[in-house]
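Asks: make a model of this:
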Amino acid sequence: MVANAFLKSNVVFEPLIRGWYAWLHLLAPAQSALNLKYRQIPLLESFLEHPDVHANAAANPKLFGGPFVQLRREQEADVRKHLFGICSTFEREIRFAEILAAACQRVAKESGHSLSKSYAELPPELAGLVEFVYDANHHARLRLHERILYANPPRTGGEAIELSICESKDRAFFMNTPRLKCRENPRVELAFASELVDQIAAARTKPTSPNELAEALKMDEQQRERLFELFTESGPSSDQREFSGEGVRVRYFGHACVLMQTREFSLLIDPVFATDRAAGNSLTIADLPDRIDCVIITHGHQDHCAIEWLLQVRHRVDEVWVPRNNSGSLVDPSLELMLRQAGFRKVRSLEPLDVVDIPGGRVVSLPFSGEHVDLECFSRQGLLIEMLGRRIGFLVDSDGRDSALYGRIADLVGANLDALFLGMECHGAPLSWLYGPTTSRPLPRKDDESRRLSGMDCERAVAVLSKFEVNNIFVYAMGQEPWLRYLMGLEYTPESIQLREVAKFLSVCRQQGKSAEQLFLSKELML
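Replies: Residues are numbered from 1 along each chain as shown. Prediction:
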């Protein structure tokens, strides 16, 4: 192997927790335990009981993203081994989930009497970690002391990084399928906060010694040989990563990921990337600048706060800004605490309408409504970004059901915009799909189906647009990039309601004399 080389552009970098793809509700301690007990273990048990049902469902593209393990019947022994491993290794975490769920269910039955007696009923594993409270309507619930829980989490260990070469279309859905150990893929047990994670990630664009990396990762001979196969002497092609021109350069990397650059400052929103131009994108992770002043996360969903991609840019990033959560809520874990635990040293939480000055402008955190299935999730923000006199709005996944909110926002921060980015994924998954393990009781099917992770339809988007003075509109965050299928589970056709609503909205915009388009894959704008 040559002294210095680069990770091949088609290498997949997957952070794992207990062998499952790491997403937000596996990073947060309590939510991770609940997902282990009430999502992951039941999925594996169901697969072992009915492997053919899962295999047939996995072969049906219409069921991609559903509660079906995407493995073959002949992998039954490996699944059984994985299930035994997590049940024995993470027994303490399973126990924590059981007593936490029982406490939530018990307190939910209270009718207004003092909750003082509830503390005496707590088992030792939960004592000192929770508080019982009523809301103003005397509905009782449990809230976590999140910072204390992070100091003594129910799970220790279990984090790993796996490297592989895998076509995007072949990646199993992030939430329903464990990544079983494969001799072909180097997997190293490694805390996400480790600096070695940065060394692996940096090898995408900086020449690295594979020998030294393998030594640092304490790989055996077989892992070393496979690791070396993932490297190449050829560096990735990149397109004007740094910007020193006049004005503001806006680069769209796909889905909701936007990079804004002036000669003084760079700001990256909701990082998700293609790594290989063969995926169709003209912009990939190799086109990021060497230094990113700030990453901003709009909200706590897996396609916007994606740990896979955040870890791969961490070595470039100075600071991360996130929306503040509903402290102690099981359905709204703290993004700040999760990212700090994952090794980000400078993380700032923003309240709605907080203003942060940046060179040549400012960032305003904007409240947005909806997409969180009527749960008290506060970790969500739209953005007004001002750079060199340009004003760009990002309303991402708001469902726009209360357009008056945006009228009030326009009154407070100004209605005039140079560009507006809107999310219009108007028919999303039901509540239980994402939040099921973190709620204290299942909903009737009709209620669950009525509460969906949805953005705006045409009517609501037009109503929101009417509150602003803007002639450049971009519909984005539709999740249709082919390399995002494993994370989104979405495959639209021209007849899908989501794309029909987008087409109607774009037509309305053009009738009003506005420039409007749906973004896909990548694009560059100068403002």
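
Asks: once you drop chain neighbours, what's closest to Ser522?
Replies: Spatial nearest neighbour of Ser522, excluding adjacent residues (C-beta to C-beta, 6 or more residues apart in numbering): Leu283 at 4.0 Å. (Each C-beta comes from the backbone N, C-alpha and C, glycine too.)

Asks: may I see the buried residues of stretch 499-515?
Replies: Leu499, Glu501, Val502, Lys504, Phe505, Leu506, Val508, Cys509 (16 or more other C-beta atoms under 10 Å).

Asks: returning to that earlier point: shouldn't the residue nearest to Ser522 be in contact with Ser237?
Replies: No - Leu283 is beyond contact range of Ser237, at 11.2 Å (criterion: C-beta atoms under 8 Å).

Asks: who's more crowded, the two?
Replies: In this view Leu283 and Ser237 are compared by other C-beta atoms under 10 Å, and Leu283 has more residues nearby, 22 against 10.

Asks: what sits against the residue nearest the centre of the chain?
Replies: Nearest residue to the geometric centre of the chain (C-alpha atoms, centre = their mean): Gln302, 2.2 Å. By C-beta atoms under 8 Å, 6 or more residues apart in numbering, the contact set of Gln302 is Trp23, Leu24, Phe174, Met175, Leu487.

Asks: ok, 7 Å please
Replies: Residues near Gln302 by C-beta atoms under 7 Å, 6 or more residues apart in numbering: Trp23, Leu24, Phe174, Leu487.

Asks: just flag the most distant two among those residues.
Replies: Greatest spacing in those, by C-beta to C-beta: Leu24 and Leu487 (12.0 Å).

Asks: neighbour count for these two, which is higher?
Replies: Shown here are Leu24 and Leu487; by other C-beta under 10 Å, Leu487 has more neighbours (24 against 21).

Asks: need the per-residue pLDDT for that one.
Replies: Looking at Leu487, its pLDDT reads 92.

Asks: so it touches Cys305, yeah?
Replies: No - the criterion here is C-beta atoms under 7 Å, and Leu487 misses it with Cys305 at 11.6 Å.

Asks: does Arg251 sit in a helix, a strand or a coil?
Replies: Three-state call for Arg251 (DSSP: H, G, I helix; E, B strand; the rest coil): strand.

Asks: OK, contacts around it?
Replies: Counting by C-beta under 7 Å, 6+ apart, Arg251 has contacts Leu259, Leu283, Glu524.

Asks: do Pro430 as well
Replies: Per C-beta under 7 Å, 6+ apart, neighbours of Pro430: Asp448, Glu449, Arg451, Arg452.

Asks: and the closest residue to it other than its chain neighbours, how far from Val373?
Replies: Nearest non-adjacent residue to Pro430, counting by C-beta to C-beta, 6+ apart: Asp448, 4.7 Å away. Counting by C-beta to C-beta, to the nearest Å, the separation of Asp448 from Val373 is 9 Å.

Asks: more neighbours: which of the two?
Replies: Neighbours per residue (other C-beta under 10 Å) separate Asp448 from Val373, with Val373 holding more: 23 against 18.

Asks: that one against Ser450, yeah?
Replies: No - applying C-beta under 7 Å as the test, Val373 and Ser450 come out as separate, 9.2 Å apart.

Asks: how about the helices of the stretch 401-527 of the chain, start to end?
Replies: According to DSSP state H, counting those that start in this stretch, the stretch 401-527 of the chain carries its helices in the segments 403-413, 431-435, 445-450, 458-465, 485-488, 497-511.

Asks: possible to save the ones you listed as TSV with distance to Tyr134?
Replies: Below are the helices of the stretch 401-527 of the chain laid out as TSV (distance: least, C-beta to C-beta, whole Å):
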stretch	distance to Tyr134
helix 403-413	27
helix 431-435	22
helix 445-450	23
helix 458-465	34
helix 485-488	38
helix 497-511	39
